[in-house]
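# return atomic coordinates for the entry below.
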Amino acid sequence: MILIILHTLMEQRRSFIKDLLQSTDVDRDINAKGWVRTKRGNKQVAFVALNDGSTINNIQIVIDIANFDEDQIKNITTGASISVNGTLVKSMGKGQSVEIQAKEIKIYGTADPETYPLQKKGHTLEFLREIAHLRFRTNTFGAIFRIRHAMSFAVHKYFNDRNFYYLHTPIVTGSDAEGAGEMFRVSTLDMKNPPKTEDGEIDFSEDFFGKETNLTVSGQLEAELGATALSNVYTFGPTFRAENSNTPRHLAEFWMIEPEMAFYDIDDDMDLAEDFLKYLIKYALENCKDDLEFLNKMYDNELIERLNSVVENKFERITYTEAIDVLLKADQKFEFPIKWGSDLQSEHERYLVEKYYKKPVMVSDYPKIIKAFYMKQNDDGKTVRALDVLFPRIGEIIGGSQREEVYEKLLDRIKEMGIPEKDMWWYLETRKFGTVPHSGFGLGFERLILFVTGMSNIRDVIPFPRTPKNAEF
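Below you'll find the predicted structure:
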C-alpha cells in the first residue's frame with residue numbers, strides 16, 4: 001500500500017516548463033503548473049499557452065473540450081493559474097517540439113478578463129512600472145529578472161573560484177564613504193519633538209545608536225578592514241543615495257559589488273576589473289541565450305553583437321589627462337564644457353567609448369580635487385590613482401582606486417576635506433598596524449544589468465525601483 005502511494009506521488013510531481021521543452025522523452029505522463037498567457041481554439045479543441053517563469057518560452061496545452069466541464073474551460077483565461085496533468089507528446093505544430101495533451105486540469109486562481117491588466121497587447125514600460133506587482137509575468141521582465149539572477153550567481157561564482165571571501169558590511173553606518181553627504185538618516189527620535197542640545201541642535205546621543213546614523217552609500221571602508229586580514233574580500237549588497245535625481249540612470253536604492261584586495265596596485269585593480277566584466281558578460285551569453293535573443297529582437301537589435309564585442313576586445317587604458325586631450329580635440333560640441341580639473345560627464349564618457357576608441361575604456365589618474373579622500377596620491381601632488389571603466393551606452397560602470405595606505409597622507413587628506421577625525425579613527429588605525437598597498441572598485445549592479453539586457457531605464461532592471469517621490473510596492 002505504501003509503495004502504491006509513493007508511486008502515485010511520483011507520477012504527480014511537477015516538471016518545470018523549461019525542462020519539458022528540452023525533453024526528448026515523450027509519450028509519458030507529466031504535471032505542469034503555471035499561468036495562462038493565451039487561449040485560442042474552437043468548439044472542439046482549445047490551445048493554451050502556459051508559462052511558469054522558468055523560461056521565456058511557453059508550452060502548449062491541447063485540451064479536448066469534450067472531456068472537460070464547460071465552466072472550467074471558460075475560467076481558463078489569460079492570467080489564470082492552473083495545474084495540468086497530461087501526456088507529453090511530440091508537437092504537430094510549428095514553434096515547439098513538444099506539447100501537453102491535457103487529461104486533468106485544476107484551476108488555482110482565476111483572472112477576470114475585464115480587469116486583468118496584462119491582456120494580449122502591447123504595454124509600455126512606463127505603464128508596467130505602475131503595476132510592478134504584475135510585470136514579472138511579462139516576457140520582457142521575466143527575461144530581465146532571469147538574467148539578473150544569472151548575473152548575481154556569476155558574481156559569487158567568480159569571486160569564490162578566485163579565493164575571495166564574501167563580507168557582509170553594515171547597512172546602517174555612522175560614516176560617509178564618499179564624503180557626498182547625500183545619505184538617508186536612520187533614527188528613532190520623535191520627529192515632532194526631538195531632544196535638543198544646549199546649542200539647539202538635535203541631540204543624537206539620545207537616539208537609538210547614540211549617534212547620528214545613516215543608510216550606507218558603500219561597503220568599501222569596511223571591506224578594506226577585511227582585506228587587511230583576509231587578503232581578498234568582496235561585498236554585494238544594497239546601497240543608498242539620497243540624491244534628488246530623476247534620470248534613467250539613477251536610483252535611491254541600488255546594489256553594489258565591491259571587491260577589495262590587499263597587495264594590489266592600480267594596475268592589478270584594472271586587470272581584475274576587466275577580467276571580471278568579461279567573465280560576467282560571457283556568462284550571460286552562455287547561460288541566458290533565449291532571454292538575450294528575445295531582448296535583442298524586441299528592444300535592441302545590436303545587443304548580442306555589443307556583448308560579444310566587449311568580451312572579444314581588450315579595454316583601452318588611458319589617463320584622465322589623455323582623455324581631456326582627446327575631448328578638447330573632439331569634432332563635436334558638448335553640453336558640458338570640458339577642461340582639465342572638471343569631472344567627466346556621461347556625454348564625455350560615451351564619446352570616448354562609442355566614437356573615439358569604439359570599445360570599453362579605462363581612465364585612471366584623476367585630479368585629486370574631484371575624487372574621494374581615501375584614494376592613493378600620486379607623486380605629482382595633483383592626481384590620485386583613481387580608476388573608471390566606461391562602457392558603451394552606459395558611461396561609467398565601475399569606479400575604483402588604489403587606496404592611500406600611508407597614515408600621514410591619509411590623515412592630511414581627511415583634514416583637508418573637513419571629515420571629522422573622531423569618526424574615522426578605526427579606518428586610520430589600519431594604516432598604523434601592518435598597513436599594505438591595497439585597491440578595490442565598485443560595480444553598480446543595475447548598470448551592469450542595463451548593459452547586459454539592452455534596456456534604457458535603470459528602473460526596469462530592479463524589481464521595485466526606489467526613486468524621488470516613489471516608494472511603491
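# residues contacting residue 47?
39, 40, 41, 60, 61, 62, 63 (C-beta atoms under 8 Å, 6 or more residues apart in numbering). C-beta: built from backbone N, CA, C; applies to glycine.
# so the first one sits in a helix?
It stands for residue 39. No - per DSSP: H, G, I helix; E, B strand; the rest coil, residue 39 lies outside any helix segment and is strand.
# confirm residue 158 sits in a helix?
Yes - according to three-state DSSP, residue 158 belongs to a helix.
# which residues sit in contact with it?
Taking C-beta under 8 Å, 6+ apart, one finds 276, 279, 280 in contact with residue 158.
# show me what the helix or strand that the second one is a member of packs onto, helices and strands only.
With secondary structure defined by DSSP states H and E, residue 279 is part of helix 266-287. Of the remaining helices and strands, those touching helix 266-287 by 3 or more C-beta pairs under 8 Å, 6 or more residues apart in numbering; DSSP states H and E are helix 139-160, strand 253-262, helix 303-312, strand 361-367, strand 383-391, strand 395-403, strand 438-444, helix 445-453.
# for residue 321, which of the ones you listed is the nearest?
strand 361-367 (7.1 Å; C-beta to C-beta).
# and for that closest one, what are the contacting residues?
266, 270, 273-274, 315-321, 323, 340-341, 344, 349, 352-353, 378, 382-390.
# quick check on those residues: which are buried?
266, 270, 273-274, 315-318, 320, 323, 344, 349, 352-353, 378, 383-390 (16 or more other C-beta atoms under 10 Å).
# one step back: quick one: buried ones out of the contacts of residue 47?
39, 60, 61, 62, 63.
# make sure the fourth one is indeed in a strand.
To tie it back to what came earlier, the one meant is residue 62. Yes - assessed with three-state DSSP, residue 62 lies in a strand.
# sketch out the low-pLDDT regions of the chain for me.
Applying pLDDT under 70 to the chain picks out residues 1-12, 176-181.
# how deep is residue 297 tucked in, by neighbour count?
Residues within reach of residue 297, counting by other C-beta atoms under 10 Å, total 11.
# hmm, back to that, distance to residue 249 added to the buried ones among the contacts of residue 47, as TSV?
Formatted as TSV, the buried ones among the contacts of residue 47 follow (distance: C-beta to C-beta, whole Å):
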residue	distance to residue 249
39	40
60	40
61	42
62	46
63	47
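# where does residue 338 sit, in terms of helix or strand?
Going by DSSP H and E, residue 338 is not in any helix or strand.
# shouldn't it be in contact with residue 328?
Yes - with contacts counted by C-beta atoms under 8 Å, residue 338 reaches residue 328, the gap being 6.4 Å.
# and the two? which has more neighbours close in?
residue 338 (19 against 11).
# contacting residues for the residue lying closest to the more buried one once chain neighbours are set aside?
Once flanking residues are discounted, residue 338 sits nearest to residue 327: 4.7 Å by C-beta to C-beta, 6 or more residues apart in numbering. Residue 327 makes contacts with 334, 338, 348, 351, 352, as judged by C-beta under 8 Å, 6+ apart.
# just residue 450 next, same as before
By C-beta under 8 Å, 6+ apart, the contact set of residue 450 is 249, 393, 394, 456, 458, 461.
# give me the buried positions along stretch 248-260.
Under 16+ other C-beta under 10 Å, the buried positions of stretch 248-260 are 249, 250, 251, 252, 253, 254, 255, 256, 257, 258, 259, 260.
# now the contacts of residue 158 in CSV, with distance to residue 94?
Below are the contacts of residue 158 laid out as CSV (distance: C-beta to C-beta, whole Å):
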residue, distance to residue 94
276, 42
279, 37
280, 35
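# measure residue 250 to residue 361 for me?
According to C-beta to C-beta, to the nearest Å, residue 250 and residue 361 sit 22 Å apart.
# for residue 317, helix, strand, or coil?
Residue 317 is classified as strand under three-state DSSP.
# so it is in contact with residue 269, correct?
No - at 11.5 Å, residue 317 does not count as touching residue 269 under the criterion of C-beta under 8 Å.
# run a quick neighbour tally on the closest residue in space to residue 336 that isn't next to it in sequence.
For residue 336, ignoring the flanking residues on the chain, the nearest one in space by C-beta to C-beta, 6+ apart is residue 345 at 4.5 Å. Residues within reach of residue 345, counting by other C-beta under 10 Å, total 15.
# once you drop chain neighbours, what's closest to residue 292?
Per C-beta to C-beta, 6+ apart, closest to residue 292 is residue 304, 5.8 Å.
# separation between that neighbour and residue 296?
Counting by C-beta to C-beta, the gap from residue 304 to residue 296 is 5 Å.
# any idea how far stretch 289-305 is from the middle of the chain?
18 Å (C-alpha atoms, centre = their mean, to the nearest Å).
# still on that earlier bit, out of the helices and strands packed on helix 266-287, the one nearest residue 68 is which?
Per C-beta to C-beta, nearest to residue 68 of the helices and strands packed on helix 266-287: helix 139-160, 27.7 Å.
# pull out the buried positions in stretch 407-418.
Using 16+ other C-beta under 10 Å as the test for burial, stretch 407-418 gives 410, 413, 414.
# now swap in stretch 44-51 and tell me
Using 16+ other C-beta under 10 Å as the test for burial, stretch 44-51 gives 46, 48, 49, 50, 51.
# pipe the residues you listed into a markdown table and attach secondary structure and distance to residue 159 per row.
A markdown table is the format used below for those (DSSP: H, G, I helix; E, B strand; the rest coil; distance: C-beta to C-beta, whole Å):
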| residue | secondary structure | distance to residue 159 |
| --- | --- | --- |
| 46 | strand | 49 |
| 48 | strand | 43 |
| 49 | strand | 39 |
| 50 | strand | 37 |
| 51 | strand | 33 |
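# pick out the most distant pair among those residues.
By the measure C-beta to C-beta, 46 and 51 form the most distant pair in the buried residues of stretch 44-51, at 16.4 Å.
# quick one: end-to-end length of stretch 88-98, please.
In stretch 88-98, first residue to last residue: 7 Å (C-alpha to C-alpha, to the nearest Å).
# residues making contact with it?
Contacts for stretch 88-98 (C-beta under 8 Å, 6+ apart): 20-21, 23, 25-30, 57, 59-60, 99-101.
# could you pull out the buried residues of that stretch?
88, 91, 98.
# gap between the second one and residue 98?
Residue 91 sits at a distance of 6 Å from residue 98 (criterion: C-beta to C-beta).
# cool, and residue 224?
Taking C-beta to C-beta as the measure, residue 224 falls 53 Å from residue 98.
# now do residue 257
Counting by C-beta to C-beta, the gap from residue 257 to residue 98 is 39 Å.
# could you do residue 249 as well?
Distance, residue 249 to residue 98, by C-beta to C-beta: 42 Å.
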